[in-house]
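J.: 3D model of this:
(2 chains)
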Number of protein chains: 2
Amino acid sequence: MAIAEKMTDFIEKSSWIRKMFEEGARLKAIHGNDKVFDLSLGNPDLEPPEEFKRQLRQIAENRDQGLHAYMPNTGYPHTRKAVAGFLSREQNADISENEIIMTCGAAGGLNIILKAILNPGEEVITPAPYFVEYGFYADNHGGRLVPVPAGADFTMDIKAMDAAITEKTRAVLINSPNNPTGQVYSEQNLKELADCLEAKSREFGRCIYLISDEPYRKIVYDGIRVPSVFSCYKDSVLATSYSKDLSVPGERIGFVAVNPAASDKKFLIEAMALANRILGFVNAPALMQRVVTELQGVHVDISEYDRKRRLLCEGLKDCGYSFTRPSGAFYLFPQAPVKDDVEFVRALQEELILAVPGSGFGAPGYFRLTYCVPDSTITGAMPGFERAMAKFR
Amino acid sequence: MAIAEKMTDFIEKSSWIRKMFEEGARLKAIHGNDKVFDLSLGNPDLEPPEEFKRQLRQIAENRDQGLHAYMPNTGYPHTRKAVAGFLSREQNADISENEIIMTCGAAGGLNIILKAILNPGEEVITPAPYFVEYGFYADNHGGRLVPVPAGADFTMDIKAMDAAITEKTRAVLINSPNNPTGQVYSEQNLKELADCLEAKSREFGRCIYLISDEPYRKIVYDGIRVPSVFSCYKDSVLATSYSKDLSVPGERIGFVAVNPAASDKKFLIEAMALANRILGFVNAPALMQRVVTELQGVHVDISEYDRKRRLLCEGLKDCGYSFTRPSGAFYLFPQAPVKDDVEFVRALQEELILAVPGSGFGAPGYFRLTYCVPDSTITGAMPGFERAMAKFR
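T.: Below is the predicted model of the structure:
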């Protein structure tokens, strides 16, 4: 074979999900884009805020020299300073620009964290359901992802996580608000996790990192606030992006922040800066660093997503679906009315509704819907959801 | 240790070169930026062409929807089409958009190629001196870089490369115009390599890839043209960027192209698209994809670099330095007048001249200078070069 065996294996294993997407594309080609209700993709449908467009125009008109040149691998000092200032308030911690590394999105950020900390065969624990890319990210750097099933309403099952932690555990990776469930971990839940990690770190004589992937932090509802991970646990690292806040996922801009109280902080930051360079990111895109410098705290209109969330939740409830109401992000993760989630997603396809089987997130028996779509896609899909439910009831 | 052992090792091993850079920064702090002649960095000093600025402004003013959204991992189809069209003429091959993947610079491109093809322990052969990052890139994906010393005037020593190729060899990685030597491999030299790779591929029963890293292709002098790798060898893949052509290295935009005649082309492209996603690049920055779509074939004024090249070459020749005159890029790789290149680079620092020891490129006894700097930096450094030479002669 002309390609790496591992990649062949990855491609084969993901072929079932690719086939689902191909079926979706086939349906769109036959019936037309507007006749197919695509609730399968996490591509935000809101446009970037007006401030983003204004910043972009300003930078485009700027005649200063060296605007597109190399800068330190960690990013522009003035960008990191702006990020640190805002984040200090958000995380209730005194964060300096030296604890910030600008990255190519949260995906780039998670990869430099894992590259910096993983030795071969070490494990990263994550509550399931989880974002499917985590498995690849751990594997990229010689590690292994260990999913631990979540408890009721997708809260972390600390007892189960405690049992899963061994001497091989290097980090716990959490995602709150969560993709695919939309759940936000409570401060209580986080503190229990922190207690567990502290005890285990002591037991094994080295720190277990808590990595918090927070790209949906600003997309929350019902007055909820996402608790500060930095306040709960010392050896914590945060990865996030502006992809969802600003609706610019194609631009690949985000950052990593290290808890100012973390052990061996200096080494960790140096290793991540090196990882940013040698993994080929080199630095986060210069222009977008300049744009986000001036947009700290700016985000799309969350009430738009809230309206869509209500539309979807109320519609599905009326059809008889069971689900935990999401507190953040723009995903809903209902139970399939039949054990086989792939079978159910196929039944939805017959109704021209596109969804992703829960198996793709390590949680068979569920399916993921996104509501970052036009309202008409949500309302238009409802008769199909009703018929699909009727088939299995 | 809180970070991966391998990263600790990398950081320790590169500490000597970091110390050299720190010494440079110290000298600048003491004497002032304008008094230190920094010839150590490959950061282009020319501003992007006016067309680049114009395109950027146009896109910033564009009110279309979805300009910053996700797109396929391989990049925008219309961007890939524009790239394929220009590249077809440049490489004298019939390349389609399906053979192009837009990447986060050439560094991102090389990483997705190596991720796609390397099995654990497999080897990548490269002529030395070589760009120091290659060793990391191979290692990132479980491979190992095998440098093979170049022949006279830094041409490829095909006999030595032939001897280095084993069953473990997965690819040969070349860089022409070369960093650090500025040499361009002749068509004859490339054809000899192709013959060798064809014979070895037959012998071992699987293709050995030729990876061509070409970010300096458009920066050539004396009427030289960089020969087409695609015309010479079937199983070839090209990685490049707009960083040097357009003087935008901070923006991280480039692409990978697969020879339309390559074996198992479909698998290779699919594996690279997957690698782009799972390594955390996801896609090349959206905005810069749009910008370069309209800038195919546009580049900075090469005559500027040519003038600087002549200034540096003539100056150093007059001081008695020996070197192979570069045909491309913006580097010069002279012999140190003493065996220990680090010692000589220190002697240059005493003259407030910053250079990089050849040891950093797998070629002790040499040192690298860059001439992508103001003319005054080059001319101002000459008395120092003369005194440093006098010390060792």
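
J.: pretty sure A:Ala163 sits in a helix.
T.: Yes. Looking at A:Ala163 with DSSP: H, G, I helix; E, B strand; the rest coil, it is inside a helix.

J.: that one and B:Arg170, how far apart?
T.: Distance, A:Ala163 to B:Arg170, using CB to CB, to the nearest Å: 41 Å. Placement of C-beta: from N, CA and C, glycine included.

J.: cool, and A:Gly250?
T.: In terms of CB to CB, A:Gly250 sits 32 Å off from B:Arg170.

J.: ramachandran coordinates for the closest residue to A:Ala262 other than its chain neighbours?
T.: Nearest-residue entry for A:Ala262: A:Asp235, 5.2 Å, with adjacent residues in sequence omitted and distances by CB to CB, 6 or more residues apart in numbering or on different chains. When read as degrees, to the nearest 10, the backbone of A:Asp235 gives phi -90, psi 60.

J.: A:Asp235 - how many residues pack around it?
T.: A count of nearby residues for A:Asp235, using other CB atoms under 10 Å in any protein chain shown, gives 24.

J.: ok, A:Ile158 next?
T.: A:Ile158 sits with 20 neighbouring residues when counted by other CB under 10 Å.

J.: cool, and A:Ala84?
T.: 21.

J.: anything in the helix or strand harbouring it near chain B?
T.: Here A:Ala84 sits within helix A:77-91, counting by DSSP states H and E. No. Helix A:77-91 lies out of reach of chain B by CB under 8 Å from any CB of the partner chain, never closer than 11.6 Å.

J.: list the pairing partners of whichever helix or strand comes after that helix within its sheet, with orientation.
T.: Later in the chain than helix A:77-91, the nearest helix or strand by DSSP H and E is strand A:100-103. Within its sheet, strand A:100-103 is paired with strand A:254-258 (antiparallel), according to DSSP bridges.

J.: buried stuff in the partner strand?
T.: Neighbour counts over strand A:254-258 (16 or more other CB atoms under 10 Å in any protein chain shown) mark A:Gly254, A:Phe255, A:Val256, A:Ala257, A:Val258 as buried.

J.: doesn't A:Leu268 make contact with the last one?
T.: Yes. In terms of CB atoms under 8 Å, A:Val258 counts as a neighbour of A:Leu268; the distance is 5.9 Å.

J.: got any residues that touch both of these two?
T.: Common contact partners of A:Val258 and A:Leu268 (CB atoms under 8 Å, 6 or more residues apart in numbering or on different chains): A:Val237.

J.: contacting residues around the closest residue to A:Lys308 other than its chain neighbours?
T.: Nearest residue to A:Lys308, sequence neighbours excluded (CB to CB, 6+ apart): A:Tyr371, at 4.2 Å. With contact set as CB under 8 Å, 6+ apart, A:Tyr371 has these partners: A:Leu39, A:Tyr305, A:Lys308, A:Arg309, A:Leu311, A:Leu312, A:Phe330, A:Tyr331, A:Leu332, A:Ile378.

J.: do I have it right that the fifth one meets A:Thr377?
T.: No. Proximity of A:Leu311 to A:Thr377 does not meet the contact threshold set by CB under 8 Å, at 9.8 Å.

J.: buried ones in whichever strand or helix holds A:Cys196?
T.: In the assignment (DSSP H and E), A:Cys196 maps to helix A:187-204. Counting neighbours by 16+ other CB under 10 Å, one finds that the buried residues in helix A:187-204 are A:Asn189, A:Leu190, A:Lys191, A:Glu192, A:Leu193, A:Ala194, A:Cys196, A:Leu197, A:Lys200, A:Ser201.

J.: and the residue of the stretch 101-250 of chain A nearest chain B?
T.: Chain B sits closest to A:Gly250 of the stretch 101-250 of chain A, with a gap of 3.1 Å, by CB to the nearest CB.

J.: is it correct that that residue is in contact with B:Met288?
T.: No. The criterion here is CB under 8 Å, and A:Gly250 misses it with B:Met288 at 10.2 Å.

J.: more neighbours: those two, which one.
T.: Of the pair A:Gly250 and B:Met288, B:Met288 is the one with more neighbours under other CB under 10 Å, namely 31 against 25.

J.: list the contacts for that one?
T.: With contacts defined as CB under 8 Å, 6+ apart, B:Met288 is in contact with A:Pro285, A:Leu287, B:Tyr242, B:Val248, B:Glu251, B:Arg252, B:Ile253.

J.: would CSV of the residues you listed with secondary structure and neighbour count be doable?
T.: Formatted as CSV, these follow (DSSP: H, G, I helix; E, B strand; the rest coil; neighbours: other CB atoms under 10 Å in any protein chain shown):
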residue, secondary structure, neighbour count
A:Pro285, coil, 29
A:Leu287, helix, 25
B:Tyr242, coil, 28
B:Val248, coil, 31
B:Glu251, helix, 30
B:Arg252, coil, 30
B:Ile253, coil, 28
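
J.: out of the residues you listed, which is nearest to B:Leu87?
T.: B:Tyr242 (12.7 Å; CB to CB).
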